[in-house]
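Asker: kindly generate the corresponding structure for this input.
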Amino acid sequence: MRPGTRQRQIVARVKGHVQGVGYRAFCADEAMRMNITGYAKNLDDGRVEVVAEGEEATLRRFVERLREGPTFAVVREVTYRWEDPTGTFQGFESVI
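Answerer: Take a look at the predicted model:
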């Protein structure tokens with residue numbers, strides 16, 4: 001961690017046409033590119049939950065990418081909350 005950077009966690013819920021279109025893989029690719037750890041998983045109600053840890057500024061950029069999504073996704077809404085990081089994630093997983 002660079003001096004002056006703050007590690008944070010976000011818990012996001014993504015609503016829209018986001019299951020069955022590569023959204024979780026998109027999240028994993030973006031997270032790995034940005035050095036973010038955590039996971040993305042499908043929820044029973046059709047949303048995707050994303051839990052991510054990293055530098056606060058990087059997570060803000062990550063949320064913008066979540067709003068865009070992959071080519072075949074239709075993201076209608078991304079809600080998220082800030083949490084304290086747990087430091088327990090090893091990489092970023094697409095959870096089934």
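
Asker: quick one: which helix or strand includes R61?
Answerer: Taking DSSP states H and E as the definition, one finds R61 inside helix 56-68.

Asker: by contact count, what packs against that helix?
Answerer: strand 7-17, helix 23-34, strand 48-55, strand 74-83 (3 or more CB pairs under 8 Å, 6 or more residues apart in numbering; DSSP states H and E). From N, CA and C alone the C-beta is placed, and that goes for glycine too.

Asker: next one: the nearest residue to E68 once chain neighbours are set aside from T58, what distance?
Answerer: Closest residue to E68 apart from its sequence neighbours, by CB to CB, 6 or more residues apart in numbering: V75 at 7.0 Å. Distance, V75 to T58, by CB to CB, to the nearest Å: 20 Å.

Asker: surely N42 and R24 touch.
Answerer: Yes - with contacts counted by CB atoms under 8 Å, N42 reaches R24, the gap being 7.0 Å.

Asker: okay, the lowest-mean-pLDDT helix or strand in the chain in PDB with CA atoms only?
Answerer: The helix or strand of the chain with the lowest confidence, counting by mean pLDDT, DSSP states H and E, is strand 92-95 at a mean of 96. In PDB, the C-alpha atoms belonging to strand 92-95 read as follows (Å, rounded to 0.1, in the frame of the first residue of the first chain):
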ATOM      1  CA  PHE A  92     -11.000 -12.000  -7.000                       C
ATOM      2  CA  GLU A  93     -13.400 -14.800  -7.500                       C
ATOM      3  CA  SER A  94     -16.500 -15.400  -9.700                       C
ATOM      4  CA  VAL A  95     -18.700 -17.400  -7.300                       C
END
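
Asker: what do N42 and R24 both touch?
Answerer: Residues touching both N42 and R24 (CB atoms under 8 Å, 6 or more residues apart in numbering): 48, 95.

Asker: who's more crowded, these two?
Answerer: R24 (25 against 17; other CB atoms under 10 Å).

Asker: and the more buried one, what pLDDT?
Answerer: Note on R24: pLDDT of 98.
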